[in-house]
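Asker: predicted model and sequence below, questions to follow.
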2 protein chains.
Amino acid sequence: MSLQHALLTSLLEKPSSGYELARRFDKSIGYFWHATHQQIYRELARMEEQAWVKSYDAEGGRAGKRQFEVLAAGKEELRNWASQSSEPSELRDELFLKLRADAAIGSLGLEQEIARRMQLHQERLQTYKDIELRDFSKPKLSREAKIRHLILKAGISLEESRIAWSKDALTTLK
Amino acid sequence: MSLQHALLTSLLEKPSSGYELARRFDKSIGYFWHATHQQIYRELARMEEQAWVKSYDAEGGRAGKRQFEVLAAGKEELRNWASQSSEPSELRDELFLKLRADAAIGSLGLEQEIARRMQLHQERLQTYKDIELRDFSKPKLSREAKIRHLILKAGISLEESRIAWSKDALTTLK
DNA sequence: CCACCCATGTAACTAGTTACATGATTTC
DNA sequence: GAAATCATGTAACTAGTTACATGGGTGG
């Protein structure tokens, strides 16, 4: 159950409330592992049952706000999980299914959709490059920063390859 | 529900039994949209209820073997679904979560895992390139072949970019 | 005082995975 | 006659999505 481990990591970086985690997931980790607030609250509750995390009323915040932090068992679990191997994910993109459908039943005008996506990928690429410039352009980076940069670069090359593919696809389909 | 539409496409290409679909999903569509036989049988049953497909006892095959084919309503549904836009998928790779965990709690020896994956990606790339050479190296391809080639090329460039990324990651982590 | 954001949750559903089960036919 | 493959399914579970619900605090 990877979301739990994503949350553990995020909580180690900074103890937070469920709401804050949900907000932070919109950026950083959320770029490659999206989760809704409902899911996050559920997993936090489960992890508290398993004693991987503990929570207490946040003093500075509003009424009802709960702050979570990772317990030793949670850290151990994270270490354990992270050192096991796992399979790379598939592409699993509906667009490919739609292309196959197009091939099977005749032209469906997918060019529009591909063009729309190409633009979207260009925007994302720009966002990632802005982050890169802002956070990782210094000559000496800490180990942590280098690793984050690595993840960002995976995103950048994915977007670049999608843009190139889109161009190819538009040429082929026109 | 994309699996249903993947099955409709596959059945349009060739009417088949659930078993045959499951086998075919191991190749072709399965490269980017994996499904188990349990899921396939369930979705076929649902589509029959909705009258998107019909089935009958296969004459040539063994006892109990059911052949499925797409009805007009199913084809209409597929056309409709395929012409709607959809969002590109995330990366959602556990490895990135593990890298973040490594950054948060200290070195976990992920180099091994990255090296293992790099080899895996190289093997996949080779498989894809073999298919490309076998099926798409003729100068004149049909529209259908061109589209299939396009999908394959997406796989090729994904694997290439993963291999390049792995090299970078190994250099950074060492 | 109204809109917006902070903050937490429940409920119902859909999609995907894992484990188990059964029997027929072909091949060695 | 045993093993492998063909062929279909049920059941239980896990993960993720969508819809609904509630109330407090802040800024205009």
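Answerer: Done, it's in.
Asker: helix/strand/coil for A:K140?
Answerer: Secondary structure state of A:K140, per DSSP: H, G, I helix; E, B strand; the rest coil, is coil.
Asker: can you pull the contacts of A:A104?
Answerer: For A:A104, the contact set (Cβ atoms under 8 Å, 6 or more residues apart in numbering or on different chains) comprises B:9, B:12-13, B:144. Using the backbone N, CA and C atoms, a C-beta is placed for each residue, glycine as well.
Asker: and if we set it to 6 Å?
Answerer: If a contact means Cβ atoms under 6 Å, 6 or more residues apart in numbering or on different chains, then A:A104 has B:9, B:12-13 as its contacts.
Asker: who's in contact with stretch A:110-120?
Answerer: Contact with stretch A:110-120 is made by A:102, A:163, A:166, A:169-170, A:173, B:85, B:88, as judged by Cβ under 6 Å, 6+ apart.
Asker: in strands, which of those appear?
Answerer: Of these, none are assigned to strands by DSSP state E.
Asker: farthest pair within the residues you listed?
Answerer: A:D102 and A:I163 (20.7 Å; Cβ to Cβ).
Asker: so those two - more neighbours on which side?
Answerer: Between A:D102 and A:I163, A:D102 has the larger neighbour count (other Cβ atoms under 10 Å in any protein chain shown), namely 21 against 18.
Asker: in chain A, which spans are strands?
Answerer: Under the criterion DSSP E, chain A contains strands at A:53-57, A:66-70.
Asker: in a markdown table: the ones you listed, plus distance to B:E48.
Answerer: Below are those laid out as a markdown table (distance: least, Cβ to Cβ, whole Å):
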| stretch | distance to B:E48 |
| --- | --- |
| strand A:53-57 | 46 |
| strand A:66-70 | 47 |
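Asker: so what's the residue positioned nearest the centre of chain A closest to, chain neighbours aside?
Answerer: For chain A, the residue nearest the mean C-alpha position is A:F32 (2.0 Å; Cα atoms, centre = their mean). Nearest non-adjacent residue to A:F32, counting by Cβ to Cβ, 6 or more residues apart in numbering or on different chains: B:L91, 4.5 Å away.
Asker: likewise A:Q50?
Answerer: A:A73 (7.7 Å).
Asker: got it, and A:R100?
Answerer: Going by Cβ to Cβ, 6+ apart, A:R100 has B:T9 as its nearest residue, at 5.0 Å.
Asker: residues contacting the one you found?
Answerer: Shown in contact with B:T9 (Cβ under 6 Å, 6+ apart): A:100-101, A:104.
Asker: and with 8 Å instead?
Answerer: A:97, A:100-101, A:104, B:29, B:78.
Asker: nearest to DNA strand C, of those residues?
Answerer: Minimum distance to DNA strand C across the contacts of B:T9 is 10.8 Å, recorded for A:L97 (Cβ to the nearest atom of the strand).
Asker: neighbours around the residue nearest to that closest one when sequence neighbours are not counted, how many?
Answerer: Computed as Cβ to Cβ, 6+ apart, the closest residue to A:L97 that is not its neighbour in sequence is B:A6, at 5.2 Å. The tally of other residues near B:A6 (other Cβ under 10 Å) stands at 25.
Asker: alright, I will stop here.
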